[in-house]
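Student: Pasting a predicted model and its sequence here:
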Amino acid sequence: MRPRLTSPRRVRRSAACSAGSAEAKKGSSLRILHLHSGFDAGGKELRAARLMTLFGPGIDHVVVSAQPGALGAASAVGRQISVSYPDDFPPLAGRPTPGRLQRLAKAMQGFDLVLTYNWGAMDAVMAHTLFAKALRLPPLVHHEDGFNEDEAERLKPARNWYRRIALGRAGALIVPSARLEAIALTEWAQPRWRVRRIANGIDTAAYAKKPRTDAIPRVIKRKGELWLGTLAGLRAVKNLPRLVRAFSFMPEEWQLVILGEGPEREAIRQTAIDLDIGHRVHLPGFVASPAEAVGLFDLFALSSDSEQFPLSVAEAMAAGLAIAAPAVGDVAAMVAAENAPYITAPGREDLLADALIALAADGPLRRAIGAANRVRARADYDEGAMLEAYRRTYGEAMGRSRFP
């Protein structure tokens, strides 16, 4: 069914049958609870939507967004998938008082699996650890995909300690990058068996198709234009004004197309206006099917202060693009060897601009690098391997031989 943006039925089961009930309910739908601080169209949200679609019918998904109305990724969930979006779930943010945590824990009853995402859902993870045994809660798997601007440069010690305690009963902790895996094992003191590194994957074949020139709403690629593109939530940690400034040194025939939505839209637009390049910088909004749009780019760039394993880089690689980006997270390790010289030191706007200028000036070089990136993406980042790893991890957490 289509995603419903109204409250779902509040199904409640007795504590005696809430935990471990999936195996006993042969032929019944599984019920999975997803707890997000927001469900707008960012990397982890789009991955969650894609996995929901790939798991197929036979599962009832309940997605909680702590931010009212932040449901942009809902459009990426397959229309055949049963999914609802309650607006009456206990708040995910607030002081972690015993009463509030208990209310969060009770709201997890009646599900077969709880999936939590990033720091914004950590109070729910703590609630599960504190009350799982008493309330016989279903298993929980937590996902960590990176940090906002408040931890982009340095992790907060208090949050590290909180995570150590909160994750005490998690069935697994899934991370997409080598850097996050190392943090989970050291800063968060998680046991090796709990930490699972699963690289983000995409339908690489879909990105090989030639896109239509009008595939992006409100922007049409004209003859003779060259496009520098990016996909990102318009958030401060993505530092898109930095990309606008670096782009300003590129030749006049280049246009900058930024696909995404978020609170930094006006700051990005104002930066372009201040540099007198507003006519060359385009913000058409979120695109539900990036595979239909990324191929319009001639070059891809990131400008983030923090990343881990950005899905957008894998998408650009699958589309056969060269990439200019700071060496944040696993970006330097993701790209083909031919692309390595154009992955620059983090925070060095001048070096990012130099990389863009060099790639803009050499079409054959861009195409050669893009071809190498496409080979690497097909070999390492196809969604088939990702899907099997998630099936295995979720199944093990539930004590099942197979998920779903």
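Tutor: Cool, the structure landed.
Student: From now on I want contacts and neighbour counts done on CA atoms only, so please keep to that.
Tutor: Will do.
Student: Could I get the full set of helices for the stretch 151-300 of the chain?
Tutor: Counting by DSSP state H, counting those that start in this stretch, the segments of the stretch 151-300 of the chain that form helices are 157-166, 178-185, 240-247, 265-274.
Student: most packed of those helices?
Tutor: helix 240-247 (a mean of 22; mean count of other CA atoms under 10 Å).
Student: quick check: angle from that one to helix 265-274?
Tutor: 20 degrees (axes from the mean of the first three to the mean of the last three CA atoms, to 10 degrees).
Student: where's the residue nearest to Pro241 when sequence neighbours are not counted relative to Ile277, distance?
Tutor: Spatial nearest neighbour of Pro241, chain neighbours left out: Ile268 (5.1 Å); criterion: CA to CA, 6 or more residues apart in numbering. According to CA to CA, to the nearest Å, Ile268 and Ile277 sit 11 Å apart.
Student: Low-confidence ranges, the stretch 1-150 of the chain, go.
Tutor: 1-28 (pLDDT under 70).
Student: Please enumerate the helices of it.
Tutor: 15-18, 43-55, 98-107, 122-135.
Student: list the buried ones in the longest one?
Tutor: Buried residues in helix 122-135, counting neighbours by 16 or more other CA atoms under 10 Å, are found at Met122, Asp123, Ala124, Val125, Met126, Ala127, His128, Thr129, Leu130, Phe131, Ala132, Leu135.
Student: Just the CA atoms of it, as PDB, please.
Tutor: This file holds the C-alpha atoms of helix 122-135, laid out as PDB (Å, rounded to 0.1, in the frame of the first residue of the first chain):
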ATOM      1  CA  MET A 122      19.700   6.500  21.500                       C
ATOM      2  CA  ASP A 123      17.200   7.100  24.400                       C
ATOM      3  CA  ALA A 124      15.100   4.400  22.900                       C
ATOM      4  CA  VAL A 125      18.100   2.100  22.800                       C
ATOM      5  CA  MET A 126      18.700   2.900  26.500                       C
ATOM      6  CA  ALA A 127      15.100   2.200  27.300                       C
ATOM      7  CA  HIS A 128      15.300  -1.200  25.600                       C
ATOM      8  CA  THR A 129      18.400  -2.100  27.600                       C
ATOM      9  CA  LEU A 130      16.800  -1.100  30.900                       C
ATOM     10  CA  PHE A 131      13.400  -2.700  30.400                       C
ATOM     11  CA  ALA A 132      13.900  -5.500  27.800                       C
ATOM     12  CA  LYS A 133      13.900  -8.300  30.400                       C
ATOM     13  CA  ALA A 134      11.100  -7.000  32.600                       C
ATOM     14  CA  LEU A 135       8.800  -6.200  29.600                       C
END
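Student: Show me what it is packed up against.
Tutor: helix 98-107, strand 113-117, strand 140-143, helix 157-166 (3 or more CA pairs under 8 Å, 6 or more residues apart in numbering; DSSP states H and E).
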